[in-house]
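Asks: One predicted model, sequence on top.
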Amino acid sequence: MSGITRSQLIGKQVYNPDGTLIGTINDVKLIIDKNEITLQVQTKYRTTEYVPWTKVNAVGDIVLLKEKIEIQAPQTPLLETPKPTSQTMIEKLSGIGESLKSLVRSSNVICPTCGEKATYIPQYKKYYCYKCAKYVD
């Protein structure tokens, strides 16, 4: 009696009879009241499909189905046009740019231990050497 374990199925790619990729098996689902086994497949569109074991033709390096299963690409919603705000985007970005500059400002301060450039950490108002993992006095 031959069989296949759940761990042998997980991660296998599932293909239609015509060779088109359906997706990859994520799990096996047992439906107790119907005495049925299905494969939980994450499709190439990142959606989940359940394929009954009765539709499986062969299992080897891949899983080949007996009959073609159609999977639909998810519908992407149209993006809305942003509404104007009181502050322009350029004004917002210029403020952010100055904040970022102060956060990651490198300087000509050199670590006395290793000789590498130290980085200014505004939160502590000190320079830090990442190579030595210590603050520079």
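Replies: Thanks, I have the structure now.
Asks: which ones are touching I110?
Replies: 116-118, 136 (C-beta atoms under 8 Å, 6 or more residues apart in numbering). Any C-beta I mention is one placed from the backbone N, CA and C, and that applies to glycine too.
Asks: sorry, that was for C132
Replies: Contacts of C132 by C-beta under 8 Å, 6+ apart are 111, 113-114, 116.
Asks: Counting neighbours, which of these end up buried?
Replies: For the contacts of C132, a burial check counting by 16 or more other C-beta atoms under 10 Å picks out C111.
Asks: Leaving out the residues flanking it, which one is nearest to I121?
Replies: Y128 (5.1 Å; C-beta to C-beta, 6 or more residues apart in numbering).
Asks: biggest strand in this protein by residues?
Replies: strand 21-31 (DSSP state E).
Asks: Give the buried residues for it.
Replies: Quick answer for strand 21-31 (16+ other C-beta under 10 Å): 22-25, 28.
Asks: just curious, which of the contacts of C132 is nearest to L39?
Replies: Distance to L39, by C-beta to C-beta, is smallest for E116 among the contacts of C132, at 54.0 Å.
Asks: helix/strand/coil for the closest residue to the closest one other than its chain neighbours?
Replies: Closest residue in space to E116, ignoring its immediate chain neighbours: K131 at 4.8 Å, by C-beta to C-beta, 6+ apart. Three-state call for K131 (DSSP: H, G, I helix; E, B strand; the rest coil): coil.
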